[in-house]
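In: sequence and predicted structure below; questions after.
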Amino acid sequence: MTINKSQPALRFYFDYISPNAYLAWTQLSELMARHNATVELVPVLFTGLLRAHKQMGPAEQPVKSAWMSRNIARKAAMLNVPLMPPAHHPFNPLLVLRLSSVEMPADERWRLVDVLMRGIWAEGVHAGDEAAIRQLLQDNEFDADDLLAKANGDEPRASLRAQTEQAIAAGVFGIPTTQYADEMFFGYDDFPYLEMSLSGQDPINSSTQAQQWLDASWTASSQRREISEQKPASKSASKPAAAPIEVWTAPTPNGWKVAVLIEEMRELGLPLPPVTVHTVDLMAGEQLQPEYLAMNPNGRIPFLKHGDKTVFESCAILQYLAEQFPSPLLPANESRWQVLQWLYWQAASVGPAFGNRQSYMRYMDNVPDEQKAHPLARFLAEARRLAAIAEQQLEGRDYFCGDQITIADIAIYPWFRGWKWSKVDMTDRPNILAWMKRMRARPGVGRGLAWGAPEGEVDQWSESTKARYAKGGASIATENES
């Protein structure tokens with residue numbers, strides 16, 4: 001290991017989601033002062049490291065999570081540093097990571113990271129709530145509007161992705177990690193060993209036993225790699241994750257589900273392959289043409305092709321993509337089943353009730369009113385029943401399954417979003433209204449809703465579009481989506 005004794009340069013890889021990163025942060029300034037070291041702060045996405053190294057996060061392992069809670073509390077007490085459970089955990093750290101990736105002077109970045117670390121872990125600020133972060137920045141004399149505008153731009157997103165990829169290439173597998181020369185020191189617990197190295201007293205360098213161990217370990221590791229490379233590719237290795245994705249869709253509730261999911265995955269910085277979108281003209285009956293039916297015998301939208309895999313049915317597509325590109329949108333721990341039950345609740349209950357209510361209310365002009373009366377009343381009652389269930393589920397929650405968006409929210413939102421169009425009163429459902437506002441404010445949701453929509457008609461159809469849909473509405477209502 002090459003050592004610069006004059007002024008050692010360190011790199012500190014971190015993600016705000018880790019309490020260990022916070023504990024390490026509280027000790028970093030003193031460590032720098034003791035060794036006259038400089039530190040480059042490198043925000044990275046912890047979930048990106050987990051995916052790259054095929055690991056589970058501590059929160060996804062109940063036994064480890066329980067141990068870690070006591071371990072963190074013990075270390076905080078030993079260090080005499082404040083520790084308050086954050087408002088929500090695990091939380092989505094993307095906003096604060098992007099804030100920390102905005103271009104700025106090094107001393108200003110240091111101050112910003114310090115304010116965010118202490119705000120989240122010592123004051124209980126919700127890291128995923130832009131309003132809470134805005135207030136925290138304002139309280140600490142930052143230009144909150146300017147910083148947040150920059151953080152939501154393209155450059156911090158690209159920087160965060162690049163930093164995460166560079167960290168993976170450098171061998172970073174967890175956070176926090178402090179790099180000194182060509183060696184990685186993982187966690188706050190490795191700080192004593194880092195200080196030994198900074199002092200030129202790393203016991204590895206003077207121990208024959210340690211060197212023999214390292215030589216044997218690397219030899220065995222090398223042999224394992226060689227054996228692995230000689231093995232035929234496993235079935236799991238043939239997964240088409242890197243293959244391009246094609247989506248056939250239209251601006252309808254079920255079409256929006258897939259569009260929003262893909263845009264939310266982009267927001268998370270997931271390594272999606274190129275995505276080609278084919279907008280299907282439902283009014284022209286393109287979904288019933290032989291060339292479309294040859295791909296998708298169900299003759300509806302949306303439809304997905306990914307490598308040699310094809311998937312129809314919107315909720316099946318959501319689950320497929322979420323499993324192909326793992327993220328908190330479909331957790332890997334026990335809460336996965338919470339998400340899936342609400343996903344299929346939408347498919348089995350919400351879609352049919354709201355969809356049929358909308359069809360009879362808006363499109364079936366050729367059906368006599370007396371014949372529509374019973375289905376209209378029946379589907380209204382069912383839609384209202386489902387809204388009551390959703391209102392109760394959202395009590396005390398930002399999203400259906402906790403404080404983070406999942407594919408369940410993505411599936412339900414497009415149907416609830418059209419409550420005025422379906423004439424299903426939601427004005428007495430404050431939790432649903434707040435959740436819908438929260439969903440619509442997300443950049444990924446906004447971009448997804450724009451897929452295939454006429455310009456300027458993402459949130460409100462023009463009179464000409466309304467007339468066009470009404471004119472051919474009967475066929476649209478019965479033949480277009482799944």
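Out: Received it, and whenever you're ready, just let me know what you need.
In: report the contact partners of the most centrally placed residue in the chain.
Out: With distances taken as Cα atoms, centre = their mean, Leu268 lies nearest the centre of the chain, 4.4 Å away. If a contact means Cβ atoms under 8 Å, 6 or more residues apart in numbering, then Leu268 has Leu45, Thr47, Leu94, Ser327, Pro328, Leu329 as its contacts. In this view, the C-beta of every residue, glycine as well, is placed from N, C-alpha and C.
In: what's the answer for Ile262, then?
Out: Per Cβ under 8 Å, 6+ apart, neighbours of Ile262: Ile245, Val247, Leu272, Val275, Leu321, Gly448.
In: now it, what's its secondary structure?
Out: Following DSSP: H, G, I helix; E, B strand; the rest coil, Ile262 is assigned to helix.
In: repeat for Ile17
Out: Under the three-state scheme (three-state DSSP), Ile17 adopts coil.
In: which pLDDT does the model give it?
Out: The per-residue pLDDT reported for Ile17 equals 92.
In: hmm, it is touching Val96, no?
Out: No. Counting by Cβ atoms under 8 Å, Ile17 sits too far from Val96 to count as a contact (9.2 Å).
In: identify the contacts common to these two.
Out: Ala127.
In: ok, the residue lying closest to Glu457 once chain neighbours are set aside to Glu395 distance?
Out: Distances taken as Cβ to Cβ, 6 or more residues apart in numbering place Thr465 nearest to Glu457, at 6.1 Å, with adjacent residues excluded. Distance of Thr465 to Glu395, computed by Cβ to Cβ, to the nearest Å: 36 Å.
In: out of those two, which sits in the busier spot?
Out: Using other Cβ atoms under 10 Å, the more surrounded residue of Thr465 and Glu395 is Thr465, with 14 against 8.
In: now do the more buried one against Pro176, distance only.
Out: For Thr465, the distance to Pro176 (Cβ to Cβ) stands at 52 Å.
In: count the residues that sit near Met436.
Out: Other residues close to Met436 by other Cβ under 10 Å number 18.
In: next: Trp25.
Out: Trp25 has 23 nearby residues by other Cβ under 10 Å.
In: tell me where the protein has strands.
Out: Assigned by DSSP state E, the chain shows strands spanning 9-14, 38-43, 177-180, 183-186, 245-249, 275-279, 303-306, 309-312.
In: packing partners of the fourth one?
Out: For strand 183-186, the contact count by 3 or more Cβ pairs under 8 Å, 6 or more residues apart in numbering; DSSP states H and E identifies strand 177-180, helix 191-198 as packing neighbours.
In: sheet partners, orientation included, of the shortest one?
Out: When you say that, I think you mean strand 177-180. According to DSSP bridges, strand 177-180 forms sheet pairs with strand 9-14 (antiparallel), strand 183-186 (antiparallel).
In: average pLDDT across the last one?
Out: Right, the one you point to is strand 183-186. Strand 183-186 comes out with an average pLDDT of 93.
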